[in-house]
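Trainee: What follows is a predicted structure for the sequence shown.
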Amino acid sequence: MGVLTSRQGSIVAAALGATVVGLAAVGRAGGPFAVVSAAGAVGVLLWGLLRLPHSRRLIGPPTAVAGAVSLVATALSPRHLTPQAGGAWKLLEIGILLVLLAAAVRWAPRRQAVAAVATAGAAGALWTLPYLDGGLVMRVGAFLSWLFIVAIAAGLGGYPRWTAQRQREAVAAARREQQLALARDLHDFVAHDISGIVVQAQAARFVAAANPAQALAALERIEAAGLHALAAMDRTVQMLHEPEEQPAPNGPLGAGRSAPRAPLAGVAQLAELVERFTAAGATVARLSLDPGVAEALPRETGATAYRVVVEALTNVRRHAPAAEQVEVELRGVSGAAVRVRVVNGAGPGPGLGHRERGRGGRGLRELGEMVRASGGVFSAGPCEQGWQVVAELRGHHD
């Protein structure tokens, strides 16, 4: 005869335990059905304990069956039983059912947990009926009292389940926020440099035969833009590997952390951005800053200002590559707020993305959501000079 496996051993041990309880209850419980129900509840409990942790997800159906058997035993028990006629055994059985019910609510799949609550909960609420010889008021009172106890047991299992579900949802939301942050970085920074590479490649193609020196200069600018794009990709990939220094606000049970962030480009880097944009094409960009603007904006808000300018310049390359001039202005306004304004003329001819009209448009929309989320105001649309993107951002003391 072979050695029993752990699963078979747990089943045998549970069956033996249930048999011992059944034999002990014979003659003391309220009939043979009460013996079966008490032994069944003990057997399920022993099986669950011996099979931990594997029994957690499997506890629902056995609990539902034990509850159903207990209900049948209650329905078939003689009326007006005395507490001496198996009352203690029935109370032990109901206590075990309540423990199993709490475990099923905590660990079992939802449908199985509902079935366990329906049968075991009904058994727990109705078990006193054969022992009561009073009127309807007493029976209803006993039923409601034990229904309240059943609800407590379900709550003891349901609260940690609800907490774990909230934590999973918070983790999923944090991951989604990280994905959106990565998408914004790819769109704002990498797309800006790649659009510059496309402009330079187009220019080099037209001048290569007539003026190789200009083509060589264009290739050097393509190399520089490619290096910037690689650096932006490195920062984005770094976000996936480095832990965040500062925990996320409102994180669940301290388990969530916001997406890791590399050092953010801000107002101080706008001059270099504008120079690279001008060097990459025929459009001349000019930057105008009011004194003290960089100091007026917090670090995160300064990064938002940088993103506004990047998105506006990228759209100029895509949709108005023949525009002669772009004005980038940062002005102090009422209080400590700062207005970022990027204006360009409407150049003739199609932009880089003319083949894919209707597929873009998310950049400005998401940028507007970011600005408004920080308490600012955002707008983009036609103006007298052509097209403008305007963002009013809150400063340190606004």
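Mentor: That came through, no problem.

Trainee: burial count for Gln165?
Mentor: By other Cβ atoms under 10 Å, 10 other residues sit near Gln165. Yep, even glycine has a C-beta here, placed from its N, CA and C like the rest.

Trainee: Give me the distance between the nearest residue to Arg139 once chain neighbours are set aside and Ala151.
Mentor: Spatial nearest neighbour of Arg139, chain neighbours left out: Leu132 (5.5 Å); criterion: Cβ to Cβ, 6 or more residues apart in numbering. According to Cβ to Cβ, to the nearest Å, Leu132 stands 21 Å off from Ala151.

Trainee: pLDDT of stretch 294-308, averaged?
Mentor: Summarised as a single mean, pLDDT over stretch 294-308 is 83.

Trainee: How about stretch 326-344?
Mentor: Stretch 326-344 comes out at a mean pLDDT of 87.

Trainee: And that stretch, what's buried?
Mentor: Neighbour-count burial for stretch 326-344 flags 326-330, 332, 336-344 (criterion: 16 or more other Cβ atoms under 10 Å).

Trainee: Pull the most distant pair out of the residues you listed.
Mentor: Farthest pair in those (Cβ to Cβ) is Ala336 and Asn344. Separation: 27.8 Å.

Trainee: circling back to that earlier point, just give me the neighbour total for the residue nearest to Arg139.
Mentor: By the criterion of other Cβ under 10 Å, Leu132 has 15 neighbours.

Trainee: and it, how far is that from Phe143?
Mentor: 10 Å.

Trainee: just Phe378 next, same as before
Mentor: As judged by Cβ to Cβ, Phe378 and Phe143 stand 61 Å apart.

Trainee: what about those two, which has more around it?
Mentor: More crowded of Phe378 and Phe143, by other Cβ under 10 Å: Phe378, with 21 against 16.

Trainee: Next SSE downstream of the host helix or strand of that one?
Mentor: Using DSSP states H and E, Phe378 sits in strand 377-382. Next in sequence after strand 377-382, counting helices and strands by DSSP H and E, comes strand 387-393.

Trainee: who's in contact with that next one?
Mentor: 297, 301, 304-305, 308, 311-312, 315, 320, 333, 337-344, 346, 364, 367, 371, 374, 376-382 (Cβ atoms under 8 Å, 6 or more residues apart in numbering).

Trainee: Keep only those of these that are in helices.
Mentor: Residues of those located in helices (DSSP state H): 301, 304-305, 308, 311-312, 315, 364, 367, 371.

Trainee: Could you save these as JSON lines and add columns showing neighbour count?
Mentor: What follows is those, written out as JSON lines (neighbours: other Cβ atoms under 10 Å):
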{"residue": "Thr301", "neighbour count": "24"}
{"residue": "Thr304", "neighbour count": "23"}
{"residue": "Ala305", "neighbour count": "24"}
{"residue": "Val308", "neighbour count": "28"}
{"residue": "Glu311", "neighbour count": "24"}
{"residue": "Ala312", "neighbour count": "26"}
{"residue": "Asn315", "neighbour count": "22"}
{"residue": "Leu364", "neighbour count": "18"}
{"residue": "Leu367", "neighbour count": "23"}
{"residue": "Val371", "neighbour count": "24"}
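
Trainee: mind putting these in a markdown table, distance to Gly40 included?
Mentor: What follows is those, written out as a markdown table (distance: Cβ to Cβ, whole Å):
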| residue | distance to Gly40 |
| --- | --- |
| Thr301 | 66 |
| Thr304 | 64 |
| Ala305 | 70 |
| Val308 | 69 |
| Glu311 | 67 |
| Ala312 | 72 |
| Asn315 | 71 |
| Leu364 | 66 |
| Leu367 | 64 |
| Val371 | 64 |
